[in-house]
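*Asks:* what's the 3D shape of this:
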Amino acid sequence: MSDDLHTVEAWAGALLAQLQPAQRRAVTRQIAQDLRRSQAQRIASQQAPDGATYAARKWRKELRGKNGRIKRQKAAMFNKVRTTKYLKTTQDENQLSVGFFGRVARIARVHQEGLTDKVAKKGPQYRYPARPLLGFSAIDQALIRDSLLRHLTLTS
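*Replies:* I've put the predicted structure just below:
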């Protein structure tokens, strides 16, 4: 995966070097937004970057919700984490990044790498299965290429 990333970086770097700084900022902002949207859609579909589905959630025994109602629907994992409030982009004319920052970054890292963490503040520890939230896939490479070429054809 890192070899593919270096290939994309070398290819895109040569094209971006020909642009003015303001144009580079615009294209990196657009690519970052497209990547964030792609990552959020993949997280919503509960898939890892390689296309594998996430490990199933461990269900609690307690099925009673508010006021004695029984919960019957399965809630998807990471509903809030994939929103733009938590899944942030940073970019300038030379680089871009899509990721989690602040407190939610620790939670995302635990799930990304399958680490052990406490279930509650004073609760038991649990080893979470690896559920890669962020990653770089072939679809993302095509997305970067298409965004860059679309921007270059519009400015030419």
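
*Asks:* helix/strand/coil for the closest residue to Ala48 other than its chain neighbours?
*Replies:* Distances taken as C-beta to C-beta, 6 or more residues apart in numbering place Pro132 nearest to Ala48, at 4.4 Å, with adjacent residues excluded. (Glycine included, C-beta is placed from N, CA and C.) Following DSSP: H, G, I helix; E, B strand; the rest coil, Pro132 is assigned to coil.

*Asks:* distance of Pro132 relative to Leu19?
*Replies:* Remark: distance between Pro132 and Leu19 (C-beta to C-beta, to the nearest Å) = 32 Å.

*Asks:* again with Gly13
*Replies:* 11 Å.

*Asks:* who has more neighbours, the two?
*Replies:* For Gly13 versus Leu19, neighbours defined as other C-beta atoms under 10 Å are more numerous around Leu19 (18 against 10).

*Asks:* which strand or helix spans the spatially closest residue to the more buried one that is not a sequence neighbour?
*Replies:* Counting by C-beta to C-beta, 6+ apart, Leu19 lies nearest to Val27, which is 7.0 Å off, once chain neighbours are set aside. Element membership for Val27, per DSSP states H and E: helix 21-44.

*Asks:* give the next helix or strand downstream of that helix.
*Replies:* strand 87-91.

*Asks:* tell me the average confidence for that next one?
*Replies:* What strand 87-91 shows for mean pLDDT is 94.

*Asks:* that one pairs with which strands, and in what direction?
*Replies:* Strand partners for strand 87-91, identified by DSSP bridges, are recorded as strand 96-100 (antiparallel).
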